[in-house]
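Participant: give me coordinates for this.
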Amino acid sequence: MPVEPLVCARTATRVSSVLNRDVKQFGKQHLFDGSEETCWNSDQGTSQWVTLDFPRPVKVSQLHLQFQGGFSSRLCTLEGCRTGEELVKISELYPQDSHAMQISFQVQETVLDKLKITFGSSTDFFGRVVVYHLGVLGERL
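Facilitator: Sure, this is the predicted structure:
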């Protein structure tokens, strides 16, 4: 099956925090807007995260990330589940501290309705994470 973007207008997105609660300038909507001028900027803290609730089951196979250098995560933990179930760990990814688009983190294919990406080890002293692009690819079921 061809791989396609899984995030759509009906995908419910939540984030752990937004810098200074300024959702207009740094909110979650900027993760998927395709603009190189905008980003999601978390507030400070030890662990930041993004959750995606898909409108129907999906099979995730790839993750694309673009951080701001100096505000990236050394470790990303992916967890997922079907509706009504508890999150289970799918895989761990080890991104580079770079502004470059990091493409094709291969993910163990798992059928899920909810995906949680935890940025557990920020390269920023205060624990902030800045993401310009988040792409979740796979197959809609």
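
Participant: now do the helices in the chain.
Facilitator: With DSSP state H as the criterion, the chain has helices at 23-26.

Participant: elements contacting the longest strand anywhere in it?
Facilitator: Scanning the chain for the strand with the most residues, using DSSP state E, yields strand 48-67. Secondary-structure packing of strand 48-67 (3 or more Cβ pairs under 8 Å, 6 or more residues apart in numbering; DSSP states H and E): strand 12-15, strand 76-81, strand 102-119, strand 130-140. The way it works is simple: take the backbone N, C-alpha and C, and place the C-beta from them, glycine included.

Participant: could you dump the third one to CSV, C-alpha only?
Facilitator: Taking only C-alpha atoms (Å, rounded to 0.1, in the frame of the first residue of the first chain), the coordinates of strand 102-119 have been written out as CSV:
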residue,chain,number,x,y,z
GLN,A,102,14.6,14.4,9.5
ILE,A,103,12.7,12.1,7.3
SER,A,104,11.7,8.5,7.4
PHE,A,105,12.0,7.4,11.0
GLN,A,106,10.7,3.9,10.4
VAL,A,107,8.1,2.9,12.9
GLN,A,108,7.0,-0.6,13.8
GLU,A,109,3.7,-0.7,11.9
THR,A,110,0.8,-0.8,14.4
VAL,A,111,-2.9,-0.3,13.9
LEU,A,112,-4.1,2.5,16.2
ASP,A,113,-6.6,5.3,16.7
LYS,A,114,-4.4,7.4,19.1
LEU,A,115,-0.7,8.3,18.8
LYS,A,116,1.4,10.0,21.5
ILE,A,117,4.9,11.3,20.8
THR,A,118,6.8,12.2,23.9
PHE,A,119,9.9,14.4,23.6
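
Participant: give me the below-cutoff pLDDT ranges for this protein.
Facilitator: For the chain, residues meeting the criterion pLDDT under 70 lie at 1, 103-105.

Participant: go with 80
Facilitator: Counting by pLDDT under 80, the chain has low-confidence residues at 1-2, 103-109.

Participant: need the contact list for the spatially closest residue to Arg21 that is not a sequence neighbour.
Facilitator: Excluding the flanking residues, the one nearest Arg21 by Cβ to Cβ, 6 or more residues apart in numbering is Asp43, at 7.7 Å. Asp43 makes contact with 17-21, 128, according to Cβ atoms under 8 Å, 6 or more residues apart in numbering.
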